[in-house]
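S.K.: got a sequence here, can you model it:
(2 chains)
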Amino acid sequence: GQNIDQPTEMTATEGAIVQINCTYQTSGFNGLFWYQQHAGEAPTFLSYNVLDGLEEKGRFSSFLSRSKGYSYLLLKELQMKDSASYLCAANYGGATNKLIFGTGTLLAVQP
Amino acid sequence: DGGITQSPKYLFRKEGQNVTLSCEQNLNHDAMYWYRQDPGQGLRLIYYSQIVNDFQKGDIAEGYSVSREKKESFPLTVTSAQKNPTAFYLCASRGRYEQYFGPGTRLTVT
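M.R.: Numbers count the residues shown, from 1 in each chain, chains lettered A, B, ... in the order given. Modelled structure (predicted):
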């Protein structure tokens, strides 16, 4: 199968940094996405990595290692509004962009 | 405003009834997708369409049907053959590489 593994829950403190890890199977892999989803709402796109390395976008950064089947999402200067579920998704469909999603990591930011 | 709309936000049906969920986009995207989301599980792909008049089964297509007669529209029918239809249904369309999601329809079947 094409399992995507990420922690179920994490807790962090306002103003701190948190790293959410994601591992995936490398066979047939074409790229990795991170989405943010607040409870009861639609996922919103955060980042896309297709090459090895770090992509930085404001307070959020995402890292990919294709050889290790590993990615992480780094959130800096945490705010209360960052409390949400973070979904890791891998593209195994090439041009069809068929994504396999992890179960999501529920992040709770505490004061 | 460009985006994806899904209606209704909440839908209630009796067991044995077919129900159609609406998905419309004005982003001029060719590819569209339907997912369902259940508690404790990741999004699972039901059907996808790369172009008008063409669609493919996803990982959990049994009990569902779709049509793609217009570029803007990709309705999903949940049939009575779907054993566990109660879920949060999300429609998406694809831009350059990322998928954009609609607000979702929460379907409850009793």
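S.K.: keeping just the C-alphas, turn stretch B:39-59 into PDB.
M.R.: This file holds the C-alpha atoms of stretch B:39-59, laid out as PDB (Å, rounded to 0.1, in the frame of the first residue of the first chain):
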ATOM      1  CA  PRO B  39     -13.300  10.700  11.800                       C
ATOM      2  CA  GLY B  40      -9.800   9.300  12.400                       C
ATOM      3  CA  GLN B  41      -9.200   8.700   8.700                       C
ATOM      4  CA  GLY B  42      -7.500  10.600   6.000                       C
ATOM      5  CA  LEU B  43      -9.400  11.900   3.000                       C
ATOM      6  CA  ARG B  44     -10.200   9.100   0.600                       C
ATOM      7  CA  LEU B  45     -10.700   9.500  -3.100                       C
ATOM      8  CA  ILE B  46     -14.000   8.500  -4.500                       C
ATOM      9  CA  TYR B  47     -13.900   9.700  -8.200                       C
ATOM     10  CA  TYR B  48     -11.900  12.100 -10.200                       C
ATOM     11  CA  SER B  49     -12.200  13.700 -13.600                       C
ATOM     12  CA  GLN B  50      -9.300  15.000 -15.700                       C
ATOM     13  CA  ILE B  51     -11.500  16.500 -18.400                       C
ATOM     14  CA  VAL B  52     -15.100  17.000 -19.500                       C
ATOM     15  CA  ASN B  53     -17.000  13.800 -20.300                       C
ATOM     16  CA  ASP B  54     -14.300  11.600 -18.700                       C
ATOM     17  CA  PHE B  55     -14.000  10.400 -15.100                       C
ATOM     18  CA  GLN B  56     -12.200   7.600 -13.300                       C
ATOM     19  CA  LYS B  57     -12.900   5.600 -10.100                       C
ATOM     20  CA  GLY B  58     -10.800   6.400  -7.100                       C
ATOM     21  CA  ASP B  59     -10.100   4.100  -4.200                       C
END
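S.K.: check which helices and strands the lowest-mean-pLDDT helix or strand in chain A is in contact with.
M.R.: The least trusted helix or strand in chain A, going by mean pLDDT, DSSP states H and E, turns out to be strand A:99-101, with a mean of 93. On a contact count with 3 or more C-beta pairs under 8 Å, 6 or more residues apart in numbering or on different chains; DSSP states H and E, strand A:99-101 meets strand A:84-91. Using the backbone N, CA and C atoms, a C-beta is placed for each residue, glycine as well.
S.K.: rerun at 10 Å
M.R.: With contacts defined as 3 or more C-beta pairs under 10 Å, 6 or more residues apart in numbering or on different chains; DSSP states H and E, strand A:99-101 has these neighbours: strand A:4-5, strand A:31-37, strand A:84-91, strand B:32-37, strand B:44-51.
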